[in-house]
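[1] need a structure here:
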Amino acid sequence: MTNKNQAPVSNKKQHHRSINARFLWLISVIAGIVFFITFLRTPLFPLKWSLIVLAVLAVIFLLTFFLSARTSPKNLFTKIINIILCVVLFIGSVMIPYEVDKISNLFNQVTSGNEIINIYRMSDSYAKTNSFTDVYQYDNDNGATKDLSSLKDAKFITSMTQDSDNTDYALIEMNKEFGQTATTMDRTSFIDAAEALYTNEGDFLIMPAEYVGMVEGSAAYENFEQDTQIVYSFSRQVEVTQTVKGDDTLTKKPFSIFFGGNDETGALNPEAKGRTDVCMIVTVNPNTHQISIVNLPRDSYVPNPAYGSGDSSYDKLTHLGLSGISNTLKGLSNYLDEPVNNYFFLNFDTFWDIMVALGGVEIDNPYSFDALDGEHFEAGPKLLTAESGLMYVREREGLPDGDFGRNMHQQIVMTAIIKKITSADGIVHFNSILDAIKNDFLTNVSSDAIYGLVNKQLNEGMSWNIVSYHILGETGMEVCASAPGQELSVVYPYPNQVRFVKDVMDQIDAGDIVEQEDLPDGKYDTNSSTN
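    Take a look at the predicted model:
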């Protein structure tokens with residue numbers, strides 16, 4: 001017996017709904033339009049690249065249209081082709097803005113870091129040898145203390161003239177712990193302050209760690225770190241927003257960039273403040289594709305704008321950075337009579353990361369030498385890895401011309417890096433380079449300027465003509481503005497070589513084509529105003 005309410009059984013097979021291949025083609029067209037608009041609005045890519053992309057997309061969509069029209073709407077192969085096209089275009093539409101944001105974040109970022117301010121005392125061994133009396137108690141054999149208040153009756157040596165921000169910070173923190181105002185004696189420089197510590201005029205020296213190198217540059221205190229112990233350290237949080245105004249003029253007219261850095265590792269000073277062991281000026285004419293790289297010895301005896309003008313303002317070039325990067329730029333602009341308004345500030349961590357990202361660079365080593373780590377560098381072509389490259393640009397003791405040779409090595413590697421970055425291989429490594437140098441450099445060059453330069457490079461396929469010169473000089477001993485009363489080792493750059501590189505910069509600015517030449521033999525002219 002059958003149930004009257006039972007639904008009749010259908011013999012027809014159930015049809016499953018599926019996405020139509022032609023509908024997928026329509027979705028891929030929409031994805032293509034979104035991708036093209038994204039590509040067109042990206043500042044990195046020139047207009048002709050956008051037209052090429054448009055033409056390629058038009059051909060692809062025309063082919064997939066005929067494929068979709070000539071096959072069944074249910075055809076699996078046609079569906080897969082349209083799905084793949086949709087996915088690729090969608091990923092491209094997302095990744096292009098992501099990469100642009102990555103560049104923007106590199107050049108417009110909040111950089112934070114710590115300034116380390118130490119309290120120094122003479123070491124136990126030095127104090128015993130020199131009959132010093134130390135009545136203060138410390139927590140361990142390293143001469144450090146956790147109880148800062150135990151030092152409240154001591155006399156502290158400072159140099160407010162050379163660094164008031166960090167010294168003030170340390171004193172404020174100390175006064176909180178002491179419950180009273182610390183007793184201080186101030187000196188005009190940290191070298192003078194170190195002298196007061198050595199002669200037992202005060203018990204402790206308050207000094208930021210970045211000035212140790214300057215103090216050890218004085219022959220009298222070249223063993224400062226061995227002769228002293230750190231009793232207590234302050235960490236001052238510094239935050240600097242590296243947002244710079246858009247500037248597209250770097251693609252339209254010549255400009256100079258100062259590449260400054262030190263041979264240290266770790267986090268950079270967020271204020272781009274400190275000694276510059278690398279002092280390189282790169283002058284670029286983006287219209288004639290000319291570049292000059294000029295190295296000045298770090299100990300060049302030049303006027304320091306932070307100390308006024310006249311003979312008393314002369315200082316080691318590396319010390320100009322102790323008053324900030326703007327002071328270095330001003331000093332170089334005055335000295336070379338060339339506006340140097342842009343900078344990149346880095347250290348050897350940055351260099352290492354760039355070399356790793358590039359997979360090394362090829363150089364032509366001018367002469368054989370042995371580095372301090374035992375590595376032998378043969379004359380001739382050589383592939384520098386990150387490790388060997390770092391040793392190559394740091395070495396000076398094993399070179400026949402010492403620090404001058406190191407300057408030349410830095411130029412050789414810098415030239416190789418520029419050539420590789422601007423090559424097709426460099427474009428392939430562009431993303432890895434961006435990832436590698438994040439938070440590893442400081443600059444005032446805007447992301448707009450970088451976009452413009454990359455756009456110009458891609459549009460014109462520029463081949464750059466690069467000339468490089470490293471200025472030489474004679475060494476001597478002089479009193480420096482940042483270290484009054486102390487004679488420090490300096491270099492007197494040859495005036496005729498300085499004039500020569502100034503002429504090269506002027507030619508590049510004027511749009512002339514320059515060729516690599518030999519620097520003239522160094523000499524001093526008694527009648528020259530540049531002596």
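
[2] now the strands for the stretch 351-500 of the chain?
    361-365, 369-370, 376-377, 380-384, 441-443, 465-470, 473-480, 483-493 (DSSP state E, counting those that start in this stretch).

[3] wait, what's in contact with the closest residue to residue 149 other than its chain neighbours?
    Nearest-residue entry for residue 149: residue 177, 4.9 Å, with adjacent residues in sequence omitted and distances by CB to CB, 6 or more residues apart in numbering. For the C-beta atoms, the positions are set from N, CA and C on the backbone; glycine is no exception. Residues in contact with residue 177 (CB atoms under 8 Å, 6 or more residues apart in numbering) are 148-149, 152.

[4] in terms of distance to residue 490, which of those ranks first?
    Comparing those against residue 490 with CB to CB picks out residue 148 as the nearest, at 38.5 Å.

[5] so for the helix or strand hosting the residue nearest to residue 149, what gets flagged as buried?
    Following DSSP states H and E, one finds residue 177 within helix 164-178. Across helix 164-178, burial judged by 16 or more other CB atoms under 10 Å covers 166-167, 169-171, 174, 178.

[6] in PDB, list the C-alpha atoms belonging to the following helix or strand past that helix.
    Next along the chain after helix 164-178, taking DSSP H and E as the criterion, comes strand 183-186. Taking C-alpha atoms only, strand 183-186 is exported to PDB below (Å, rounded to 0.1, in the frame of the first residue of the first chain):
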ATOM      1  CA  THR A 183      78.300  68.400  43.500                       C
ATOM      2  CA  THR A 184      79.800  69.000  40.000                       C
ATOM      3  CA  MET A 185      82.800  70.600  38.400                       C
ATOM      4  CA  ASP A 186      82.400  71.500  34.700                       C
END
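
[7] tell me what strand 183-186 is packed against?
    Secondary-structure packing of strand 183-186 (3 or more CB pairs under 8 Å, 6 or more residues apart in numbering; DSSP states H and E): strand 155-158.

[8] and the strand it packs on, which residues are buried?
    Buried, per 16+ other CB under 10 Å, within strand 155-158: 156-158.

[9] partners of it, with directions?
    Here strand 155-158 is paired, per DSSP bridges, with strand 183-186 (parallel), strand 204-208 (parallel).

[10] okay if I get those as a markdown table plus mean neighbour count?
    Converted to a markdown table, the strands paired with strand 155-158 look like this (neighbours: other CB atoms under 10 Å):
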| stretch | mean neighbour count |
| --- | --- |
| strand 183-186 | 14 |
| strand 204-208 | 26 |
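
[11] sorry, back to before: deepest-packed of the strands of the stretch 351-500 of the chain, please.
    Per residue and on average, the most neighbours among the strands of the stretch 351-500 of the chain fall to strand 441-443, with a mean of 23 (mean count of other CB atoms under 10 Å).

[12] list the strands paired with it, with their directions.
    As assigned by DSSP bridges, strand 441-443 forms pairs with strand 342-347 (antiparallel).

[13] just how off-centre is the strand it pairs with within its chain?
    4 Å (CA atoms, centre = their mean, to the nearest Å).

[14] show the average pLDDT along that strand.
    Mean per-residue pLDDT for strand 342-347: 84.

[15] mind giving me the packing neighbours of the longest helix along the chain?
    Counting by DSSP state H, the longest helix found in the chain is helix 76-107. Judged by 3+ CB pairs under 8 Å, 6+ apart, helix 76-107 is in contact with helix 21-40, helix 47-70, helix 430-437, helix 447-460.

[16] can I get those in a markdown table with distance to residue 98, mean pLDDT and mean neighbour count?
    Below are the helices and strands packed on helix 76-107 laid out as a markdown table (distance: least, CB to CB, whole Å; pLDDT from 0 to 100; neighbours: other CB atoms under 10 Å):
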| stretch | distance to residue 98 | mean pLDDT | mean neighbour count |
| --- | --- | --- | --- |
| helix 21-40 | 11 | 91 | 18 |
| helix 47-70 | 18 | 91 | 14 |
| helix 430-437 | 10 | 71 | 15 |
| helix 447-460 | 14 | 79 | 19 |
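
[17] present those helices as JSON lines; the columns should include distance to residue 259.
    Shown next, in JSON lines, are the helices and strands packed on helix 76-107 (distance: least, CB to CB, whole Å):
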{"stretch": "helix 21-40", "distance to residue 259": "33"}
{"stretch": "helix 47-70", "distance to residue 259": "30"}
{"stretch": "helix 430-437", "distance to residue 259": "13"}
{"stretch": "helix 447-460", "distance to residue 259": "15"}
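
[18] indicate which one of the ones you listed is closest to residue 414.
    Taking those one by one with CB to CB, helix 430-437 is closest: 14.8 Å.

[19] what's the closest one packed up against?
    helix 76-107, helix 348-358.

[20] re the thing from before, buried ones in the longest helix of the chain?
    For helix 76-107, the neighbour count (16+ other CB under 10 Å) marks 78-79, 81-82, 85-86, 89, 92-93, 96, 100, 103-104, 106-107 as buried.

[21] right, and residue 74 touches residue 21 too?
    Yes. Under the criterion of CB atoms under 8 Å, residue 74 makes contact with residue 21 at 7.1 Å.

[22] just checking, residue 474 touches residue 495?
    No. Judged on CB under 8 Å, residue 474 makes no contact with residue 495 at a distance of 11.3 Å.

[23] how far away is residue 453 from residue 462?
    As judged by CB to CB, to the nearest Å, residue 453 and residue 462 stand 10 Å apart.

[24] now the common contact residues for these two.
    Joint contacts of residue 453 and residue 462 (CB under 8 Å, 6+ apart) are residue 286.

[25] ok, and the closest non-adjacent residue to residue 369?
    residue 398 (5.0 Å).

[26] number of residues surrounding the one you found?
    Around residue 398 there are 16 other residues, counting by other CB atoms under 10 Å.

[27] what does residue 297 give?
    24.

[28] report the secondary structure state of it.
    Following DSSP: H, G, I helix; E, B strand; the rest coil, residue 297 is assigned to coil.

[29] distance of it from residue 481?
    17 Å.

[30] pLDDT below threshold where in the stretch 101-250 of the chain?
    Filtered on pLDDT under 70, the stretch 101-250 of the chain yields the residue ranges 106-113, 131, 133-143, 239-249.

[31] what residues are up against residue 78?
    21, 67-68, 71-72.

[32] from those, which two are the most distant?
    Pairwise over the contacts of residue 78, using CB to CB, the maximum falls at 67 and 72, 11.2 Å.

[33] ok, now which ones touch the nearest residue to residue 40 once chain neighbours are set aside?
    Nearest non-adjacent residue to residue 40, counting by CB to CB, 6+ apart: residue 50, 4.7 Å away. Residue 50 makes contact with 36, 39-40 under the criterion CB under 8 Å, 6+ apart.

[34] how much space separates residue 50 from residue 458?
    To residue 458, residue 50 is 11 Å away according to CB to CB.

[35] can you check residue 150 too?
    64 Å.

[36] what's the answer for residue 483, then?
    Distance of residue 483 to residue 458, given as CB to CB: 48 Å.

[37] thinking again about what came up before, extract the CA atoms of the helix holding residue 177 and return them as CSV.
    Output in CSV follows, covering the C-alpha atoms of helix 164-178 (Å, rounded to 0.1, in the frame of the first residue of the first chain):
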residue,chain,number,x,y,z
SER,A,164,74.2,69.4,27.9
ASP,A,165,71.2,67.2,27.0
ASN,A,166,72.6,63.9,28.2
THR,A,167,74.5,65.4,31.1
ASP,A,168,71.3,67.2,32.3
TYR,A,169,69.4,63.9,32.1
ALA,A,170,72.0,62.1,34.2
LEU,A,171,72.1,64.8,36.8
ILE,A,172,68.3,65.0,37.2
GLU,A,173,68.2,61.3,37.8
MET,A,174,71.0,61.5,40.2
ASN,A,175,69.5,64.3,42.2
LYS,A,176,66.3,62.3,42.6
GLU,A,177,68.2,59.4,44.1
PHE,A,178,70.4,61.7,46.3
